[in-house]
Structures are given as structure tokens and as C-alpha cells.
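# predicted coordinates and the sequence they were generated for:
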Amino acid sequence: MRRCRRRLGRGKCAGLLMLALMAVAPVLLQAVERLNFSPGFNLFSRAQDVEMGRKASGEVNGKLPLVRDSQVLRYVNDLGKRLATFAPNQSNGVEYSWTFNVVNSSDINAFALPGGFIYVNRGAIEAAQNEAQIAGVIAHEEGHVVMRHGTHQASEIMLAQAPLSILGGLLGQSSSLAGQLAQLGIGFGVNSILLRNSRGAESQADEVGTYILYQAGYDPYGMAQFFEIIQKKYPQRTIQFLSDHPNPGNRVRNVDQEIPRLGPKKDWKTGSPEFEAVKRRLQSMPPPPKPAPPK
Ligand SMILES: [Zn+2]
């Protein structure tokens, strides 16, 4: 800098510095955008994700006890839909059907069906310490939806079972999609393969979830924080969660590394009076029904 001033004079030197900074700025912006949000191999269309999710959600709604309280549902749907506006990889003219339900269970769990049908357990809301944490859980599930992990998983199974030429014909006729999937042994409902996530899918859902939190103005550490806390504090109530969402390992470290890449630190939102009201409301409800013993 001093050498520059000596050669060119103070004014020109400052100009050069400005030019240099302007050249660097796009690089910094690119660094923020360089996260890998491309979904894996998939034989289905987005419209088929929604169709399949709607069918699966019909089955799930008939099997699981749901919280019907309108204040709780309005809160979860408002929060989920607001977060979904920041989810990457949406477009192509097909809107995901963002629908949020609360399962009346004290297990700490959440899951997403293809196409945007998301279920959060009452136990997860009650265990969250603030809104950023429950927003993190929902954002993680939205990550599974927009990265299309359910149908990616189904695609891999189908590919292993039938040659592509046959699958092409099958998938073209979406009206009987469910029946044909059933023929290949891919069922819907609570134990569906659509809900089994690999560790790779988990990492990606973490990455997308953290990104959504950041973009929506929430404390982006909220999601990883929640997963850490529940495993330590409630090991018995997180068994299903860990089976649906296996810990990819280094979850906290990965998220810690991602956050500085998302942009500068901001005045992040953590709590809200609405969250506290809904949590209190759930805590004051009668205890959830005992789960039916496995048949
Ligand atoms: Zn997950």
C-alpha cells in the first residue's frame, strides 16, 4: 500500500484499492452460494413426489394420532410455510404441497413425506427450548423434501429391481403409480422406505436446514443444537428419530463449518411469544395416547 502511494499518489492508489475490492466482492458472494444443493438421481418428477406424498399422508393420517388443536396447527403451518419460502431447489412450475401436522406422541421425532407433507411430534415441540430449535427441525425436514430424498431412495431400489426400459413405461402412467410401486415392494405409510434416510441424506438435510434457518433470520445453530440436546437429555424418546434420521457424525462440526459460509453474523431470532404459547398449550393437554403394541 505504501509502495502504491509512493508510485501513484494517494487518490489513484485509493481508486485502485476500490477496484480491487470490487473485483473480490463477487468472489465472496459466490462463496456464499457455492453450497451443494443438487438432489441425487431420481426417476420421478416433482409432481409425482407430491402425488406420492399425498397418498402416503392419507395413510399416515389414518394410523397416527394427530393433534387437532387449531392454535397449534396454525402456528406450525405458519412457521413451516414461512421457512419453506427460503428452501432451495424449488421451481419447474410444480409447487410442493407444504402441509404440517403434529403427531400426538411424546417421542421426539419428525418426518417428511415426499412432496412437502411434514409431521412434527408433540414431544419435539415440547422439548424445544426456543423457536429457532423447532424451526430447525422443520427446516431439516424441508431439506429432505426439496432434496427429494424419499423418491431418490425409491428410485435406487427400483433401479436395482427392474431395467430402466420397464421403469420408463411404468413411471409414465402416474395414475397407477402407487399400485406399481407396491408391485415393486415399495409401500406407503408409517414404515415406508420413503422415510428411511441414509447418512448422506442426513448431512444434506442438515445443510439445507441450516441454510433455511439462516435465510429466514433464525439462529442457524438452532437445528444442530436441538439434535445434540435431545440425544443427551432424552435418549429413550429419540430412538425412532435416530432410526429415521441417522446421525451423520460430526453434525455439529459440519454445521459450524457451514454457517460462516452462509454470510455475516446477524441479529438472529431465537424465541417468540407464539412459540411459548403453543408449547404451554401442548404441555397442558392430556398426555398422548399410549402407542399400540406392535402386532
Ligand atoms: Zn433427517
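That came in fine, so what should we check first? Numbers count the residues shown, from 1 in each chain.

# ok, now which ones touch the one residue in the stretch 151-295 of the chain that gets nearest to the ion?
Taking Cβ to the ion, the ion has its nearest neighbour within the stretch 151-295 of the chain at H245, 3.3 Å off. In this view, the C-beta of every residue, glycine as well, is placed from N, C-alpha and C. H245 is in contact with 140, 197, 202, 205, counting by Cβ atoms under 8 Å, 6 or more residues apart in numbering.

# mind running it again at 6 Å?
197, 202 (Cβ atoms under 6 Å, 6 or more residues apart in numbering).

# the one 3 residues further on now?
Contact criterion Cβ under 6 Å, 6+ apart gives 199, 202-203 as the residues in contact with P248.

# show me where this structure has its helices.
According to DSSP state H, the chain carries its helices in the segments 2-8, 10-33, 46-63, 70-84, 122-127, 131-146, 149-161, 164-172, 177-183, 199-215, 222-233, 239-244, 251-262, 273-283.

# relative to V103, which of those helices is closest?
Checking the helices of the chain against V103 by Cβ to Cβ gives helix 122-127 as the closest, at 6.5 Å.

# so which bits of that closest one are buried?
Judged by neighbour count using 16 or more other Cβ atoms under 10 Å, the buried positions of helix 122-127 are 122-127.

# who's in contact with it?
Counting by Cβ under 6 Å, 6+ apart, 67, 102, 104-108, 110, 134, 137, 230, 237, 282-283 sit against helix 122-127.

# quick one: check that helix for contact with the ion.
No: Helix 122-127 does not reach the ion (Cβ under 5 Å from the ion); its nearest approach is 12.3 Å.

# same deal with stretch 146-163?
No: under the criterion of Cβ under 5 Å from the ion, stretch 146-163 makes no contact with the ion; the nearest approach is 7.9 Å.

# out of the buried residues of helix 122-127, flag the one nearest to the ion.
A124 (12.3 Å).

# distance of that closest one from N247?
16 Å (Cβ to Cβ, to the nearest Å).

# kindly report the same for Y75.
28 Å.

# and if you look at Q240?
Distance check for Q240 against N247: by Cβ to Cβ, it reads 13 Å.

# hang on, the earlier thing: Y75 and N247 - which one has more neighbours?
Y75 (23 against 15; other Cβ atoms under 10 Å).

# I'd say the more buried one and V278 touch.
Yes: counting by Cβ atoms under 6 Å, V278 is a contact partner of Y75 at 4.6 Å.

# what does the stretch 151-295 of the chain have sitting close to the ion?
197, 202, 205, 245.

# what's the burial count for G249?
So G249, with other Cβ under 10 Å, has 10 neighbours.

# pull out the buried positions in stretch 78-98.
Neighbour-count burial for stretch 78-98, counted by 16+ other Cβ under 10 Å, picks out 79-80, 83-84, 86-88, 90, 96-98.

# burial of A56, as a residue count?
Neighbour number of A56 under other Cβ under 10 Å is 23.
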